[in-house]
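Engineer: pasted the sequence and its predicted model underneath.
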Amino acid sequence: MKKAKIYIPAKTAMQSGRGKLKKWILKFESKNTSINPLMGWESSTDTLEEVILKFSSKEKAVEYAKANNISYTVIEPEKKEFLIKSYADNFLKN
């Protein structure tokens, strides 16, 4: 049985906005890795590791996994709390 994880990717250091964080990703996991003796790189014969599917919602990703007999793990995104303050707050003593 194929294994996959369903998650929303974290934003990279090069991104300032959160626009690309709305898509859920289904990414297959592979444990069949080995070290290439010639180059020393990690390689695998499993090509499913390269497949990344994007979905508009978590429910659609889960539905796809169930329909295609894929065992999955859902990784929920962490909720971040934003503190909105003005520039003048930097100079005021609390």
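Structural biologist: Nice, I can see it.

Engineer: C-alpha from now on. contacts and neighbour counts both.
Structural biologist: Noted.

Engineer: part of a strand, is L21?
Structural biologist: No. According to DSSP: H, G, I helix; E, B strand; the rest coil, the state of L21 is helix, so it is not within a strand.

Engineer: tell me which helix or strand K5 sits in.
Structural biologist: strand 2-7 (DSSP states H and E).

Engineer: so which elements touch that strand?
Structural biologist: strand 24-28, helix 58-67, strand 70-74 (3 or more Cα pairs under 8 Å, 6 or more residues apart in numbering; DSSP states H and E).

Engineer: what's in contact with that strand?
Structural biologist: Contact with strand 2-7 is made by 24-30, 58, 61-62, 69-77, as judged by Cα atoms under 8 Å, 6 or more residues apart in numbering.

Engineer: follow-up on the earlier one: could the helices and strands packed on strand 2-7 be laid out in a markdown table, adding mean neighbour count and mean pLDDT?
Structural biologist: Converted to a markdown table, the helices and strands packed on strand 2-7 look like this (neighbours: other Cα atoms under 10 Å; pLDDT from 0 to 100):
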| stretch | mean neighbour count | mean pLDDT |
| --- | --- | --- |
| strand 24-28 | 22 | 93 |
| helix 58-67 | 15 | 95 |
| strand 70-74 | 16 | 94 |
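
Engineer: want to throw these into CSV with distance to D89?
Structural biologist: Shown next, in CSV, are those (distance: least, Cα to Cα, whole Å):
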stretch, distance to D89
strand 24-28, 37
helix 58-67, 39
strand 70-74, 39
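
Engineer: nearest to E42, of those?
Structural biologist: strand 24-28 (16.9 Å; Cα to Cα).

Engineer: tell me the helix or strand right after that closest one.
Structural biologist: In N-to-C order, the element after strand 24-28 by DSSP H and E is strand 33-35.

Engineer: same question for that next one, mean pLDDT?
Structural biologist: Over the span of strand 33-35, the pLDDT mean works out to 81.

Engineer: which helices and strands sit right next to the helix or strand just after that strand?
Structural biologist: Proceeding N to C from strand 33-35, the next assigned helix or strand is strand 42-44, under DSSP H and E. In terms of contacts (3+ Cα pairs under 8 Å, 6+ apart), strand 42-44 is packed against strand 33-35.

Engineer: since that was my last question, I'll sign off now.
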